[in-house]
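Engineer: any chance you could fold what I've pasted below:
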Amino acid sequence: MKKKLLFFLTFLIYYCAGVSAQSRTVSGTVVDANNGMPVPGVAVRETGTAKAVPTDNKGHFSISVSNDATLLFNYIGYEPQQINVSNQDNITVRLQNKDKQLNEVVITAYGNTKKEAFTGTAAVISNEKFKDLQVSTITGVLQGNASGVLAVSSTGQPGESPTIRIRGIGSYNASNDPLILLDGTPYTGDINSINPGDVETVTILKDASSTSIYGSRAANGIIQITTKKGSGKSKFEFSGLTGFSKRAVKEYKTLNASQYYELAWEALRNDAVDNPALLTQFNLPTAEAYATNQVVPRLVYNPFNVAQPVGLDGKLDAGAKLLWNDNWMDEMTHTGIRNDLNMNVSGSDAANTIRYYLSGGYIHDQGILKESDFKRYSGRVKVDATPARWLQLGINSSLAYSNQNYPYQGNGAGSSGIAFARSIAPIYPVYLRNWTNGNYVLDGTGNKIFDYGNNSAEQGVLRPAAENRLFNQGQNPAGTNSINPVTYERLTANGIAYAGLNLFDGLTFRSQYSMDYNQVDNNLFWNPFYGDGTTSGGYSFRGITLLYAQNFSNAFTYDKKLGSIHHINVVAGMEAFKQVSELTSAERSGFTYPSPTQPSYGTTSKAGGTKDIFRLQSYFGRAGYDIADKYHLSLSLRTDGSTRFAKDARWGVFYAAGASWNLDKEKFMENVDFLSQLKLKASYGTSGNQSLTGSFPYLGTYTAGANVGGASGSIINTIANPDLSWETQKQLDMGVEFGVLKDKITGSFVYFDRRSASLLFERPLPGSTGINSISDNVGGVKNYGFEIELNTVNIRRKNLEWRTSFNVTKLKNVITDVAPGTNQKLGGSWYEWYMQEYAGVDPTDGKPTWYMDDAANAGSKITTKKYSEATRYYLGSQLSDYTGGITNFVKYKNFDLTVLASFAIGGNFYNADYGGLMGGMVSLGSNSSTDLLNRWQSASNPGNGMVPKLITTVDNGNYSSTRFLYDQTYMRVRNITLGYRLPEAMLKRASLTNVRIFLDVQNGFTFFGGPKGADPEAGISAQAQNNNTSTSKIFSIGINVGL
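Structural biologist: Residues are numbered from 1 along each chain as shown. From the prediction side, this is the model:
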């Protein structure tokens, strides 16, 4: 028994010693790979066990592990890293920031490519940009952050989707919109319905090498949106902000009531000087007496306390005081309130086989125009699973609902609040006034009454009988906007499901199905008593647009390294797309009461509807080959069959080829120390465009209806053209990517040449045909130029970091084939101005003049006072010569500051809004700019030589001409964000991973040399604002929380 006990004890001692010898302690430090700074709070875990410890405030850790352990390092914002410690007892771990890794991988169509192997041209915007800039929409981060990309809105209406263009305008009548890919599948919904908080990266693919595999759908580039995935331990994130919005640019300066009366008097005096018969007609001795006698009767409203406010000298009576002085713009606008809330939960199981991401978002933006409003509710559920090593499954579904109140905007001064407030003379009150004392006239309940300029209640003692306001009688948007609602309700649902198989070494298969459902419900109502609805007894319209799209793709990918230096990647697959769109509308007039607003309550009805079905069948392939990560070749081919073309023209074939050379990996570059990376690249390829309006543009169509007598029938709507075919595009890219001083400076230069031919164009037809146009392939255009991107690390120290990003694009648009029935000039720009050239004022008589060709001297110009005789000239393009942006990021200890500015150099825009304010008293009752004070008054006092003499009888020089054509050069500080992150020790005590408080200003400053009041970001229309709401300046305070 003793021997057995002795043997057992001896065995136990040796066994424990052996176990002790197999476990040991590993210590080390975790640092940021970019700046070498310690990273506290990193989870250090031995794989396959439950052993885990965090790093301390200095990034140190110590963990007991088995002898052959592998450690996994995880921390938010960094890429996970695994290290086999083998016989190491002390290690230094350098975690790579996710931003850096994102820049190393380019998400392309049907797959991902390492940046060093990518032969195309792309711009990558990470989720960190969205956090730094605090944008509420995806498009809000595009302008200024990506070269070659234009993303602007022509209105400041909250929730409005901007126009997005990549490398210019390539089509005339067909779509110029880029293809939106959401997690690799085409997305047909509103891009602003996607919550930016769900986005991991946005990749803009611009050249043929990266877009041609999507054929006709990517003729205008691709915006690839990749949403977040779950991984690791469960995480909860919350972000919220609240703020207010104001105008980003000040309103035009206009005349006050006193100035208006004096200039109206001057215009009437000039009328009598030019036409002495007026003195005889009114039996008055002088032109001055005529003006003094007529100014009040002509303007109707007298806001002063004296019957004759302007004397014979043209000056306001010294005793004249205003009875009212209403500010119409203040009545139409206000300080809007904005709230934005987002939260998400993400993570995975312990084995990382099931990964999940769930989110919810809410935004409410009032905007600056009263009665305008935008609300959006959004949610997303994303689950990825790897139940076996050979199988991947996933679903990604989202739902968004938005409600947009959208008061009418535009040039119709009667209904548009902005146009009305800007254009009405300051002598007219918003509310009814008693003319004897200026007091408000109240209704029976004690409320103020809106002045519509023609109500019978305004007669008698209120103002001279049967006299109405000169400006837009019966209109007052301040009163009608609240009872004439215009709303857009949008419901957007998106679902993606996929399955992936690892078939054998290097070969995978992926099948993906997606569905988009979009419903837009548009309601418009005009009440029967005031405004536009009075002539029809009220009017109601409701239109419901449904768009349902399905996309099904299947693709094989073979990715294999052959030997030590060769690598191939081959993709082959097919894709089927179907889109159904329906519009159902109903309208009625003849309402007894101002509400309810539905069409069913009217007496006169009208209904209509359309339905379109579009299908696209595609087959595609791509092959990539590289040698030793130095030499890279990419080839792609795609064929599309579109139902938009006749059978014989249905199929289009598109191809691309790209190559790159990483010179920095060559032996002859080993001793070039200052160059850390250098790559040459080039690509060439084709694509097509088939996005004309309607699904069957090659067919002749008929419209059903009824004649005046009620008999039904149909008429020709469009003429068939069975030869209609694909619009073709060819694009060449050549560029260089570089890094110097250990990547303290990185950048790229790319030259591009994009040519479009056989444009899809609505060719005009003679009026005798009864048809306006026919769809045809005519015309051509070229967009070419270069893009430069620079990224610099200016300072990187322990507590201080400063980085700068800069991009600029030079774009030239040239017409290569003139489309018939247009004023295009071969070799000119698509958006070239073709108008009369203003020559200023004749100093002798104050009349406006324009240039005309001198018939007697070829190439010379003379002036004329007859607008109809003036020659129209080509006078430069609306497109800016250069566009770009610059971002500065500064971090000091726990503070961070981001400043983003975008700019444009060159190009011209036509300021029709300002032109409308320079009419020179021709339309009495309409307001004018204070620049009228610089008018011509006499030969000895000609003003600034640009503003003609004031008269009321004929147009006074504000016809369309270069007088209102301005240089579009500007810079806008789009975003300033100042943040502060709470110290780690404080977060640790509260069991939080992150708390950041921030202040944010959007569109804070605009530097522009044109008329004050104009917004230079006019959009593609090239007309400043077009009497729409200007861009908003938004001030916000918010918080980001992670746990």
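Engineer: settle this for me: F552 is touching L616, isn't it.
Structural biologist: No. In this structure, F552 is not within contact of L616 by Cβ atoms under 8 Å, at 11.2 Å. C-beta here means a position set from N, CA and C on the backbone, and glycine is covered the same way.
Engineer: assign D326 to helix, strand or coil.
Structural biologist: coil (DSSP: H, G, I helix; E, B strand; the rest coil).
Engineer: ok, now which ones touch it?
Structural biologist: Contact partners of D326, counting by Cβ atoms under 8 Å, 6 or more residues apart in numbering, are P426, Y428, P429, V430, Y431.
Engineer: using CSV, lay out the residues you listed together with pLDDT and distance to T864.
Structural biologist: Below are the contacts of D326 laid out as CSV (pLDDT from 0 to 100; distance: Cβ to Cβ, whole Å):
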residue, pLDDT, distance to T864
P426, 95, 35
Y428, 94, 37
P429, 94, 42
V430, 93, 43
Y431, 93, 47
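Engineer: state the pair within those residues that is farthest apart.
Structural biologist: P426 and Y431 (14.6 Å; Cβ to Cβ).
Engineer: which of these two has more neighbours?
Structural biologist: A count of neighbours by other Cβ atoms under 10 Å puts P426 above the other of P426 and Y431, at 22 against 18.
Engineer: how far away is the more buried one from P297?
Structural biologist: P426 is 19 Å from P297, where distance means Cβ to Cβ, to the nearest Å.
Engineer: and S514, by the same measure?
Structural biologist: S514 is 68 Å from P297, by Cβ to Cβ.
Engineer: who's more crowded, the two?
Structural biologist: S514 (23 against 10).
Engineer: on that earlier part again, between F552 and L616, what contacts are shared?
Structural biologist: Shared contacts of F552 and L616, counting by Cβ under 8 Å, 6+ apart, come down to E575, A576, F577.
Engineer: these two touch, right, the last one and G641?
Structural biologist: No. Applying Cβ under 8 Å, one finds F577 not in contact with G641, separated by 10.5 Å.
Engineer: what about the two, which has more around it?
Structural biologist: F577 (21 against 16).
Engineer: list the buried residues in the strand or helix carrying the more buried one.
Structural biologist: For F577, the host element (DSSP states H and E) is strand 566-589. The neighbour-count check on strand 566-589 (16 or more other Cβ atoms under 10 Å) flags 567, 569-573, 575, 577, 579, 581, 583, 585-589 as buried.
Engineer: how about low-confidence regions in the stretch 151-300 of the chain?
Structural biologist: For the stretch 151-300 of the chain, residues meeting the criterion pLDDT under 70 lie at 154.
Engineer: tell me where it has helices.
Structural biologist: With DSSP state H, counting those that start in this stretch, the ranges of helices along the stretch 151-300 of the chain come out as 208-211, 257-274, 277-282, 287-299.
Engineer: okay, these in a markdown table with distance to A385 next?
Structural biologist: Below are the helices of the stretch 151-300 of the chain laid out as a markdown table (distance: least, Cβ to Cβ, whole Å):
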| stretch | distance to A385 |
| --- | --- |
| helix 208-211 | 30 |
| helix 257-274 | 71 |
| helix 277-282 | 88 |
| helix 287-299 | 75 |
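Engineer: nearest to A623, out of these?
Structural biologist: Between A623 and the helices of the stretch 151-300 of the chain, the shortest gap by Cβ to Cβ is with helix 208-211, which sits at 12.1 Å.
Engineer: show me what the closest one is packed up against.
Structural biologist: strand 651-662, strand 675-689, strand 727-740 (3 or more Cβ pairs under 8 Å, 6 or more residues apart in numbering; DSSP states H and E).
Engineer: for Q968, find the nearest of those.
Structural biologist: Among the helices and strands packed on helix 208-211, strand 727-740 sits nearest to Q968 (Cβ to Cβ), with 26.3 Å.
Engineer: list the buried ones in that closest one?
Structural biologist: Quick answer for strand 727-740 (16+ other Cβ under 10 Å): 727-729, 731-740.
Engineer: among the residues you listed, which one sits closest to I213?
Structural biologist: I213 has its nearest neighbour among the buried residues of strand 727-740 in Q731, at 13.5 Å by Cβ to Cβ.
Engineer: and the closest one, bridged to which residues?
Structural biologist: G685, R754 (DSSP bridges).
Engineer: contact partners for L732?
Structural biologist: A208, A682, S683, Y684, F752, D753, R754.
Engineer: of the helices of the stretch 151-300 of the chain, which is nearest I191?
Structural biologist: Per Cβ to Cβ, nearest to I191 of these: helix 208-211, 17.5 Å.
Engineer: returning to that earlier point: ok, the buried residues of strand 727-740 vs I63, which is closest?
Structural biologist: G739 (36.0 Å).
Engineer: how far out from the middle of the chain is stretch 976-994?
Structural biologist: Between the centre of stretch 976-994 and the centre of its chain there are 32 Å (Cα atoms, centre = their mean, to the nearest Å).
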